[in-house]
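Q: predicted coordinates and the sequence they were generated for:
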Amino acid sequence: MVGARRTVYHRSPKTITEGQGGTLVRSKWTWPLIAALALVVALGAASCGGGNDNESSSGNTTSSSASDHSDVLAALVSDIGKFNDRSFNQSQLEGLNQAKSELGVQTDPKQSNQVSDYIPNLTSAVRKHADIVISAGFLLADATNKIANKFPDTHFAITDYSVSVPPFKKNPNVEGLTYAANESGCLVGNLAANMVKKQGGKQVIGAVGGIKIPPVDIWIAGYKFCAKLANPKIKVLVGYSQDFVAADKCKTVAQNQISQGAQVLFQVAGGCGLGTLSAADAAGIWGIGVDKDQYNDAKRVLTSGVKRVDTGVFDTVKQVADGKFKGGTDLNFDLANGGMDVGKINPAVPQDLIDKMNKLKQDIIDGKVKPPASLG
């Protein structure tokens, strides 16, 4: 009986049921008296169950909530952009960390430094008995499909890819996380074109992509379409660094567009795109961030096209924790459900341009404006 009570009486009441640290109490009290005291405390807590003034009860509720899913392991495998890109991968890592803090799940982030790391990282996550393995992007599609087929009892999800598109065949253990980036691209394109129109001078803007893949082009397609919708005279320059990491490569593409008269540059290249924002700063023109709100990553950021990949990761982990994973289907994120948006807007932007962008946002949500998802 004494052994069974040990974890109760040697800890402070606030942490009795949390299984955390405490100070062992050694005194002249007899075991029966201490056991009786513990019983009184327990009965008192039970009688106050509906109140919120009991510190121990409040603390235990929080702890219980945070540990409800401690038996769930969620893994996230980055693409070659790495978790420190201050954009696409970092945002997904933040979603994983949110799941850890709010859902109490265990997490296993795995950084890929090169393409050859994809399969080993995915396999390692499965070998650790991860309940959900999330691939952070389009570049991992082939590797994810291969490992998902090899381990059909493990849940997988992939950002920026539909499971109805090859190499996937609506695999029952894979969920796609898709984003209408053309919608947010449309908004920042509208703002860029209207800003240039208001400023006067050369009517030229640019977009600097990373690797030319659909998740990059969908941003640029919306940007270009809505820029021309707002300002038919605008010229939109498009270039690619073919890289998501090396900022100097994006900076070179950006400088080329600046030499052609670009007044606003939209970076769509993850960590590489920080070079685009840097080039815009140096030239005294405007830059636009991508994926995360990059307002603080440079001095002259007009706004950012925000893709809530953090929300996608969190929602997927929560599905698994709640036993509601839906393999063979896609989770879709857009302006209407808050999965896409724009970031902080620079104070230099006139209110009438903000109003125009907000009206366009509502028109997209209402289906009145439908920006293309690919470059023509």
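A: Structure received. Remember, predicted model here, so these are calculated numbers, not experimental data.
Q: the residue minimising distance to the centre of the chain is in what secondary structure piece?
A: Nearest residue to the geometric centre of the chain (CA atoms, centre = their mean): Asp310, 2.0 Å. Using DSSP states H and E, Asp310 falls within helix 309-321.
Q: that helix - what's its average pLDDT?
A: Averaged across helix 309-321, pLDDT comes to 98.
Q: hey, C-alpha coordinates of that helix in PDB?
A: C-alpha atoms of helix 309-321 as PDB (Å, rounded to 0.1, in the frame of the first residue of the first chain):
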ATOM      1  CA  VAL A 309       1.800  25.300 -44.900                       C
ATOM      2  CA  ASP A 310       2.200  25.400 -41.100                       C
ATOM      3  CA  THR A 311      -1.600  25.000 -40.900                       C
ATOM      4  CA  GLY A 312      -1.500  22.100 -43.300                       C
ATOM      5  CA  VAL A 313       1.100  20.300 -41.200                       C
ATOM      6  CA  PHE A 314      -0.800  21.000 -38.000                       C
ATOM      7  CA  ASP A 315      -4.200  19.900 -39.400                       C
ATOM      8  CA  THR A 316      -2.700  16.700 -40.800                       C
ATOM      9  CA  VAL A 317      -1.100  15.700 -37.500                       C
ATOM     10  CA  LYS A 318      -4.400  16.500 -35.700                       C
ATOM     11  CA  GLN A 319      -6.300  14.300 -38.100                       C
ATOM     12  CA  VAL A 320      -4.000  11.400 -37.200                       C
ATOM     13  CA  ALA A 321      -4.100  12.100 -33.500                       C
END
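Q: adjacent strands (with direction) for whatever helix or strand comes next after that helix?
A: Going down the chain from helix 309-321, the next helix or strand is strand 330-333, by DSSP H and E. Paired neighbours of strand 330-333 in the sheet (DSSP bridges): strand 174-179 (parallel).
Q: just to revisit the earlier point, check which helices and strands the helix holding Asp310 sits against.
A: When contacts are defined as 3 or more CB pairs under 8 Å, 6 or more residues apart in numbering; DSSP states H and E, helix 309-321 packs onto strand 73-77, helix 88-103, strand 132-135, strand 155-159, strand 174-179, strand 330-333. Quick note: C-beta positions are derived from backbone N, CA and C, even for glycine.
Q: one more time with 7 Å, if that's ok
A: The contact analysis (3 or more CB pairs under 7 Å, 6 or more residues apart in numbering; DSSP states H and E) places helix 309-321 against helix 88-103, strand 132-135, strand 155-159, strand 174-179, strand 330-333.
Q: the stretch 151-300 of the chain: strands as residue ranges?
A: Here the stretch 151-300 of the chain has its strands, by DSSP state E, counting those that start in this stretch, at 155-159, 174-179, 204-209, 235-240, 264-268, 286-291.
Q: let me know which of those strands is tucked in deepest.
A: Stretch with highest mean neighbour count among those: strand 264-268 (a mean of 32; mean count of other CB atoms under 10 Å).
Q: and that strand, average pLDDT?
A: Averaged over strand 264-268, pLDDT sits at 99.
Q: and stretch 202-216, by the same measure?
A: Regarding stretch 202-216, the rounded mean pLDDT is 98.
Q: mind listing the helices for the stretch 151-300 of the chain?
A: Residue ranges of the helices in the stretch 151-300 of the chain, as given by DSSP state H, counting those that start in this stretch, are 181-199, 214-230, 247-259, 274-283.
Q: pull the last one out as PDB, backbone CA atoms only.
A: Backbone C-alpha positions of helix 274-283 (Å, rounded to 0.1, in the frame of the first residue of the first chain) are rendered in PDB as follows:
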ATOM      1  CA  LEU A 274      16.200  36.200 -49.900                       C
ATOM      2  CA  GLY A 275      18.700  37.300 -52.500                       C
ATOM      3  CA  THR A 276      15.900  38.800 -54.500                       C
ATOM      4  CA  LEU A 277      14.700  40.800 -51.500                       C
ATOM      5  CA  SER A 278      18.300  41.900 -50.900                       C
ATOM      6  CA  ALA A 279      18.700  43.000 -54.500                       C
ATOM      7  CA  ALA A 280      15.400  45.000 -54.300                       C
ATOM      8  CA  ASP A 281      16.700  46.700 -51.200                       C
ATOM      9  CA  ALA A 282      19.900  47.700 -52.800                       C
ATOM     10  CA  ALA A 283      18.200  49.100 -55.900                       C
END
